[in-house]
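Q: generate a structure from the sequence data that follows.
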Amino acid sequence: MSSINRIDGDGPPAARASAQDIGRTWLVTPACVPGWFAAALRSGTGVALLDLEDSVPQSRKEAARAAVLDFLAAAPRAAEPGAPVLGLRLNAADSVEGRLDLAAMARRNLWPDLVVVPKTETGDEVTAVVTAVHRAGAPTQVWALVESPRAILSLPGIVRTPGLAGVLFGAADYAVAAGCRITSRAMWYPRCQIVTAAAAAGIPAVDTPYFRLDDPDGLRQEALEAVELGFSGKVAVHPCQLPVIAQAFAPGPGELEAARTVLAAADGADGGITTADGAMVGPPVVEAARAVVRRANCGAATTVPAPKASR
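A: Residues are numbered from 1 along each chain as shown. Just a heads-up that it's a prediction; the model follows:
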């Protein structure tokens, strides 16, 4: 299991990079189905996110919490090549169940690599979880799930919260609160706001799940849009979605070749302005090319296998 350093608001660049490189694919798995936990770790995802919140009925919250803690106690923690980050979506920080989640982890001193704070609308909710993590001395990242119009309006304060490692977008709850449909056109505004605020704060943003399992073309289009907008990854609700997301976030051969051409031209210009393939090349273009190469190298390190069995 990957070992992830805690990210403080004014932390060093190396610490922030660990959050940026955490993975393109996030697989969410209901915490009320313990039989799926190990399969999630073997799925090839970058982040295996066990979910204590929306996918767990109220009557099964306590049992799901106990199952997750038992799995954390038994899960291998060695940093194996290609091993996913083990994450946990808590219940809302200001809810009784959310406080019970934190208390249970503190009592047993069992913490995942990262925790996700759902329904975040203020920095105070993030701070409450960051404080609990710091008090335990746990090397756990804290991510905020933004999923309401109020949260979108509060983004500048949320993303600047000390200890926040990254943000995720939740389209389903946002659509309900906004009274809109979950379509590309309806979601462009909140998605653009999230990636802009996250980029300004120097943290990564991960895109919402695509909920149709029988529409790989729709998933591919939405994942490509996420790349275009600036998201660093996307959440999957089933292992069958992982290869599509991974492929969308990996630069194509033409994009990679163009980036390498830009970098070669920049090397020959000794830091000055030059041209490549008839286009002007300056520092922003060079940095964008470097980002493409980093995306390619990240993809080469992790291979997402096709699912062998349905869940």
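
Q: quick one: low-confidence residue ranges for the stretch 101-250 of the chain.
A: The stretch 101-250 of the chain contains no residues with pLDDT under 70.

Q: just the strands in it please.
A: Along the stretch 101-250 of the chain, counting by DSSP state E, counting those that start in this stretch, strands occupy 114-117, 141-146, 164-169, 205-207, 233-236.

Q: can you redo those strands as a markdown table with mean neighbour count and distance to Val47?
A: For glycine as for every other residue, the C-beta is placed from the backbone atoms N, C-alpha and C. As requested, the strands of the stretch 101-250 of the chain are arranged in a markdown table below (neighbours: other C-beta atoms under 10 Å; distance: least, C-beta to C-beta, whole Å):
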| stretch | mean neighbour count | distance to Val47 |
| --- | --- | --- |
| strand 114-117 | 28 | 7 |
| strand 141-146 | 27 | 9 |
| strand 164-169 | 27 | 10 |
| strand 205-207 | 28 | 8 |
| strand 233-236 | 26 | 8 |
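
Q: what would those look like in JSON lines with distance to Trp188?
A: Shown next, in JSON lines, are these (distance: least, C-beta to C-beta, whole Å):
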{"stretch": "strand 114-117", "distance to Trp188": "23"}
{"stretch": "strand 141-146", "distance to Trp188": "15"}
{"stretch": "strand 164-169", "distance to Trp188": "11"}
{"stretch": "strand 205-207", "distance to Trp188": "12"}
{"stretch": "strand 233-236", "distance to Trp188": "15"}
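
Q: how far does stretch 83-99 sit from its chain's centre?
A: 14 Å (C-alpha atoms, centre = their mean, to the nearest Å).

Q: buried stuff in stretch 105-112?
A: Met105, Leu110, Trp111, Pro112 (16 or more other C-beta atoms under 10 Å).

Q: the second one and Ile245: what is the separation?
A: For Leu110, the distance to Ile245 under the criterion C-beta to C-beta, to the nearest Å works out to 29 Å.

Q: over to the third one?
A: Using C-beta to C-beta, one gets 27 Å for the distance from Trp111 to Ile245.

Q: do the same with Glu121
A: Glu121 is 27 Å from Ile245, by C-beta to C-beta.

Q: who's more crowded, these two?
A: Ile245 (29 against 20; other C-beta atoms under 10 Å).

Q: my guess is the more buried one contacts Pro239. True?
A: No - using C-beta atoms under 8 Å, Ile245 makes no contact with Pro239, being 10.8 Å away.

Q: mind checking pLDDT for Ile7?
A: We have a pLDDT of 36 for Ile7.
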